[in-house]
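Asker: one predicted model, sequence on top.
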Amino acid sequence: MPTTSPDAYAMFRPRRGAAVARVSALACVVVFAVVAVVVPGGGGAGFATSDRVLTVLFGLLVAAVLWRYAVLRAVPSPSGLRVVNLVHTRDLQWEEIVQVGFADGAPWVTLELSDTEEVAVMAIQRADGDLAAQEASRLSALVAHHGSGGPPQRH
């Protein structure tokens, strides 16, 4: 039976994707701010003050979406798993989770639930290589330890 040490309940987070999203978000803010300042003002082809403000606001909006990608996570606890994806956050009880694994070619782990629904866990991404496989195994062990003892877990 797996250990239930504090490390077993460490948060799941993507590594490469989150790093790329953070750098891209910061670069987006810088580039749009520079464009807003550098483009000449006035005339038919120039930027008015409102154009400059909207350019910066658009850059901030794009950066906010990218930053959301950087904060994906799955938080295990003795009672269940909280999955925070781009748009939705879902709280699951361990007993609801039947299978854990990378579906055929999927970029992230998928949880098969007892009601036949599937939930993506974007915090465990195939792009993270061996770390992704280790994290999927750790999540499978937590499901096996706390869950209903459903079918064998796939990796």
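Answerer: Sure, I can see it.
Asker: and the contacts of the helix or strand containing residue 24?
Answerer: Element membership for residue 24 (DSSP states H and E) is helix 16-38. With contact meaning CB atoms under 8 Å, 6 or more residues apart in numbering, helix 16-38 is reached by 47, 51-53, 55-56, 58-60, 62-64, 66-67, 69-72, 125, 127-128. In short, each C-beta sits where N, CA and C put it, glycine included.
Asker: make a ChimeraX selection of the buried ones in the residues you listed.
Answerer: Buried subset of the contacts of helix 16-38, written as a ChimeraX selection, criterion 16 or more other CB atoms under 10 Å:
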select :47,52,55,56,59,62,63,66,67,69,70,72,125,128
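Asker: so which of the contacts of helix 16-38 are in helices?
Answerer: Members of the contacts of helix 16-38 lying in helices (criterion: DSSP state H): 51-53, 55-56, 58-60, 62-64, 66-67, 69-70.
Asker: and those, which is closest to residue 93?
Answerer: residue 69 (26.8 Å; CB to CB).
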